[in-house]
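>>> fold the stuff below for me.
(2 chains)
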Amino acid sequence: MAKEKPQNATHNSSRAEDELFGRDQKSGEIVFAGFLLFIALLLLALIAQQTTYIKGMSFVSQPRFWPGLCLIGFVLCAAIHFYNVYKNFDFVANKQATIAELRHWISPLEYAIYFMVYVYSTQWLGYLFSTLLFSFFLVRRCGYSGRRWSLSAAGFALIVVLFFKTFLQIRIPGGALYEWFPAGLRNFMILYL
Amino acid sequence: MLVEGITAVLRLDVMLALFVGAIGGVIIGAIPGVGAAVAIAILLPATFSMDPLVGLTLLLGIYGASMYGGAIPAILINTPGTPVNALTTYDGYPMTLRGEGSRAISLAYSASFFGGIFSVLCLMILSPYLAKVAPLFGSRDIFMAALLGVVLVIVSHRGKAMIAGMLLFFGMFLNTVGMENVRYSMRYTFEQDWLISGFNLIVVLLGLFAISQAFLLLTEKDSVPKQGEISGGVLHGFKELFQHKRVVTTSSTFGVVMGIIPGVGEFLSQFFSYSLAQKFSKTPELFGNGAPEGIVAAESANNAVPAAAMVPLLALGIPGEALTAMMLSVFYVHNIIPGPALFSTRPEFLVSLYTCLFVVNIVIVIFLLFSTRLITKIIRIPTKFLGMCILTLSLVGVYSLRNSPIDCAVAAVCGLFGFILKRLDWPVVPVVLGMVLGRILDEKFRNSLARLKTPIDMIDRPISGTIFAIIVLVLLAHFYGMYRARSRRLAS
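Numbers count the residues shown, from 1 in each chain, chains lettered A, B, ... in the order given. This next block holds a predicted model:
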C-alpha cells in the first residue's frame, strides 16, 4: 500500500543517541510529543486528587503507588523524547509540513463520527439494516459509484450479518424498528439479523 | 491424557475452526493492509462464546496462516501482506522480476512450513520440562519475568526506545484506571461511572489495531494492489529447501528462541536470521537482489515464532507480543488461567492446542499449494473499500462485548490515537503490552508484598535473581552498544 511519507525533519546526531531517542523525526512529531508530555504531567499533577491515600499503609501498598510509578515513567520518557525532538526541530523549515500533517490527523474524525452514528443506528434500525446503510454510505463517501460497488457493499454487509449474528450468534440486540414487525418475523429478526 | 487431547482436535467444531482459521488467515495475510492483528482483534469477542479450544484454534490458525499468506504479495508485488513479511520483499521481489516468482513462493511456503512445524515440535519437546519448571515460578519470579518483558519491549525497539518506553508506561497507566481491588478505591475515574471498571483491553486493542487501520486506509489515496503473475508449480521449493538445511534450521531456531523471549518476537528473529544467513553465505552479494537463502531465512524465522510465543504465555501467563496478549483474554474469559498450574490442571487442553498448531501448518500448506493463483486474484481489493470493510467489522468486535456505545466511543478515540501513532511510524504494540504486563506486574507485586521485608527479598530466590541478572545484562548490553556506536561515530 502506498503510504505517504511525511517530510523528515532530519538532524545531525550520533547513532548511539539515535538508538535511544529515535531521531528520524516525522512531521508533526513535536506536536504529538508535546501533547503526550502535557497529558503525562497533567495526570501526574492530579494524582493526589484522583487516587486515595490510606493512613497506616506502607508506601508500596498504597493505591496510588502503581499509577504514580507508571506516570513517573511516562513523564520521564515523554520529557526526554520531547526535549530531543525540540532540540533538533527546525521550526521554519518544517512549519508547512507540520501544519499539513496536523490537518491529516483531523481527517479521520469524520469517519469516527460515521462510526458512532452506525453504533447508535444499530439500536434503532437493527444490525442488518444499519450495516447495509453504513457500508452503502461509506462506499459512496469513498468515491465508488455504480451498481458494481453498491452490490459489493450490500453483499459484504449481508455476509457480515449472516456470519456474525446468524451463524456465530454474537450478542447484538435487535433494533427498535423490529418491534413494528409481525410477531413471527420480529422474533426471527431479533434472534438472527 | 495424550489420547484425550488428540481426540478433542477431531471434534467437528475444532476441525471447522482449524480450517476457517487456516484458510481465513492465509487470505487475510495476503491482503496488504489487514494483517492478523486486525483480524484477531475483530474476531476476539466472537470467540468468547465458543469453546476455549475452538476459539484459540481459530485465532492461532489466523496468527500462523497470515504469515504464510503475507509472503505472496511480498514476493509478487513487493508489498508485504503483513509487516513481518517485509524482509521477504528484499529477495522475493527481485526473484519475481527475474521470472522466478513461483520458485520464490515455493521456497517461502516450504521455509514457513519448516519453521512452523519445527517450533511446534520444540514446544512439544519442551512441554514436559515446562511442566516441571513452571510450578517453580512464584509471584516474585513471574514479576521479574514480566519486568524482563517490559525491558525487552523497550530495548528491542531500536531507534525508538524512548517512544516505546513512553507508550509502554502509558499502557501500564491505562491498566490502573478504575476501582482497584484491594481497598476498592477509585483511581483516575474523574467521577465517571463508565471508568469504574477501567479500560477494557479488547476495546483498546480494537481501536489501536482495527479502527486505526480503517482510518488510515480511508484517509489515504485509494490504490489497488497489482496482480502478481506466477507460472509453474509451487512444489519444487520443498526439494530445494534441502539445499539450505543449515539456513532453515538456524533461522527456525532463532525464531523459537526469540519467540520464547517476551517482547522480542518476529522482527528481531528474522533480522538476526537474515543477517546470519548473509554472513555465512557463499554469495552474500546476492542478498537483497534475489537470494533464495534470504527468503528461507526470513520466512522460517517468522513462522517459528507463533508456537514459541505460546511458551511464556502457557507457562507463566506472560504474553510476549500483541497477538498472544489478545489470546490471553480468551483464556481468562473461559476461566483457564495460563501459568504454572495449567500444566497440572489441564494437560489434555495443552496437548489439544499443540496438536492444533501442528495440524494447522499442514492444512495451510495443502491449501496454498492449490490456491495460490486464486489468492493473487482475490487480494486485489481497493484500499478504501478495505477500510470500509474493517470499520464495519469493528462494530462487531466492540459492540458485541457489552452492547455499550461508550465502548465504541472509547474504541474510536483509541483508533484516532493509533492512527496518529501509525502516521508518525511509532509502535502501537507497547501500549497493549503495557496494559497486559502492567496488570501482571501489579498483581504479582501485591502478592509478593507479604514476603518482602527489604527490596533485596525480591531477588533473593534463584529464579528471580537469575532473571534480575538477565535484566541488568540486557540493559548493560544496550547501553554498551550505544556507547560503542557513539565512539565509532566520534572516531570517524
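
>>> so where do the strands sit in the chain?
Using chain A. Remark: strands of chain A, listed N- to C-terminal, are A:8-9, A:25-26; assignment by DSSP state E.

>>> please go with chain B instead
Across chain B, reading from the start of the chain, the strands by DSSP E fall at B:178-179, B:186-187.

>>> pick the most buried one from these.
Among those, ranked by average contacts under mean count of other C-beta atoms under 10 Å in any protein chain shown, first place goes to strand B:186-187 (a mean of 20). For glycine as for every other residue, the C-beta is placed from the backbone atoms N, C-alpha and C.

>>> what is it packed up against?
strand B:178-179 (3 or more C-beta pairs under 8 Å, 6 or more residues apart in numbering or on different chains; DSSP states H and E).

>>> let's see that with 7 Å instead.
Contact partners of strand B:186-187 among helices and strands, from 3 or more C-beta pairs under 7 Å, 6 or more residues apart in numbering or on different chains; DSSP states H and E: none.

>>> name the residues that touch it?
Strand B:186-187 is contacted by residues A:Gln50, A:Thr51, A:Pro63, A:Pro67, B:Thr176, B:Val177, B:Gly178, B:Met179, B:Glu180, B:Ile196 when judged by C-beta atoms under 7 Å, 6 or more residues apart in numbering or on different chains.

>>> most neighbours, which of these?
Within these, A:Pro67 tops the neighbour count with 27 neighbours, counted by other C-beta atoms under 10 Å in any protein chain shown.

>>> measure it to chain B for me?
With distances taken as C-beta to the nearest C-beta, to the nearest Å, A:Pro67 is found 4 Å from chain B.

>>> show me the contacts for that residue.
By C-beta under 7 Å, 6+ apart, the contact set of A:Pro67 is A:Ile47, A:Thr51, B:Phe173, B:Thr176, B:Arg187, B:Tyr188.

>>> rebuild these as CSV, extending it with distance to B:Glu220.
Formatted as CSV, the entries for the contacts of A:Pro67 read as follows, by distance: C-beta to C-beta, whole Å:
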residue, distance to B:Glu220
A:Ile47, 39
A:Thr51, 41
B:Phe173, 31
B:Thr176, 35
B:Arg187, 38
B:Tyr188, 34
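
>>> return the closest of the residues you listed with respect to A:Leu102.
The closest of the contacts of A:Pro67 to A:Leu102 turns out to be B:Phe173 (C-beta to C-beta; 25.3 Å).

>>> name the nearest residue to that closest one, ignoring sequence neighbours.
For B:Phe173, the nearest residue in space outside its immediate sequence neighbours is A:Cys70; the separation is 3.9 Å by C-beta to C-beta, 6 or more residues apart in numbering or on different chains.

>>> so what's the residue count around that neighbour?
For A:Cys70, the tally of surrounding residues (other C-beta under 10 Å) stands at 26.

>>> A:Trp105 versus that one, what's the distance?
25 Å (C-beta to C-beta, to the nearest Å).

>>> cool, A:Gly155 as well?
A:Gly155 sits 33 Å away from A:Trp105 when distances are taken as C-beta to C-beta.

>>> which residue of the two possesses the greater neighbour count?
A:Trp105 (18 against 11).

>>> center of chain A - which residue?
With the centre of chain A defined as its mean C-alpha position, the nearest residue by C-alpha atoms, centre = their mean is A:Ala112, 8.3 Å away.

>>> picking up where we left off before, looking at the strands of chain A, which has the lowest confidence?
Per-segment confidence across the strands of chain A bottoms out at strand A:8-9, which has a mean of 36 in mean pLDDT.

>>> need the max-distance pair from the contacts of strand B:186-187.
With distance counted by C-beta to C-beta, no two of the contacts of strand B:186-187 lie farther apart than A:Pro67 and B:Ile196, which are 15.0 Å apart.

>>> contacts only, for the closest residue to B:Ile318 other than its chain neighbours.
In space, and not counting its chain neighbours, B:Ile318 is closest to B:Pro312: 4.6 Å by C-beta to C-beta, 6+ apart. Residues touching B:Pro312, when contacts are defined by C-beta under 7 Å, 6+ apart, comprise B:Ile260, B:Pro262, B:Ile318, B:Gly320.

>>> any of the residues you listed buried? List them.
For those, a burial check counting by 16 or more other C-beta atoms under 10 Å in any protein chain shown picks out B:Ile260, B:Pro262, B:Ile318, B:Gly320.

>>> show me what contacts A:Leu37?
When contacts are taken as C-beta under 7 Å, 6+ apart, A:Leu37 is in contact with A:Ala78, A:Ala79, A:Phe82.

>>> next, format the buried ones among the contacts of B:Pro312 as a markdown table and append pLDDT.
Below are those laid out as a markdown table (pLDDT from 0 to 100):
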| residue | pLDDT |
| --- | --- |
| B:Ile260 | 84 |
| B:Pro262 | 72 |
| B:Ile318 | 84 |
| B:Gly320 | 73 |
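
>>> now for those residues, which pair is the farthest apart?
Of all pairs drawn from the buried ones among the contacts of B:Pro312, the one with the longest distance (C-beta to C-beta) is B:Ile260 and B:Ile318, at 10.6 Å.

>>> what's the local residue count around B:Phe479?
Applying other C-beta under 10 Å, we find 14 residues neighbouring B:Phe479.

>>> distance of it relative to B:Phe468?
Applying C-beta to C-beta, one obtains 17 Å for the distance of B:Phe479 from B:Phe468.

>>> redo the contacts of A:Leu37 as CSV? Include distance to B:Ile6, neighbour count and pLDDT.
As requested, those are exported to CSV (distance: C-beta to C-beta, whole Å; neighbours: other C-beta atoms under 10 Å in any protein chain shown; pLDDT from 0 to 100):
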residue, distance to B:Ile6, neighbour count, pLDDT
A:Ala78, 51, 27, 96
A:Ala79, 55, 17, 96
A:Phe82, 55, 22, 94
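
>>> just for chain A, where's the confidence low?
Counting by pLDDT under 70, chain A contains low-confidence ranges at A:1-25.

>>> can you give the domain ranges for it?
For chain A, the domain assignment from automatic domain parsing gives the residue ranges A:8-106, A:109-192.

>>> give me the neighbour count for B:Ser139.
For B:Ser139, the neighbour count with other C-beta under 10 Å is 18.

>>> same deal with the one 10 residues further on?
For B:Gly149, the count of nearby residues is 26 (other C-beta under 10 Å).

>>> thank you, goodbye.
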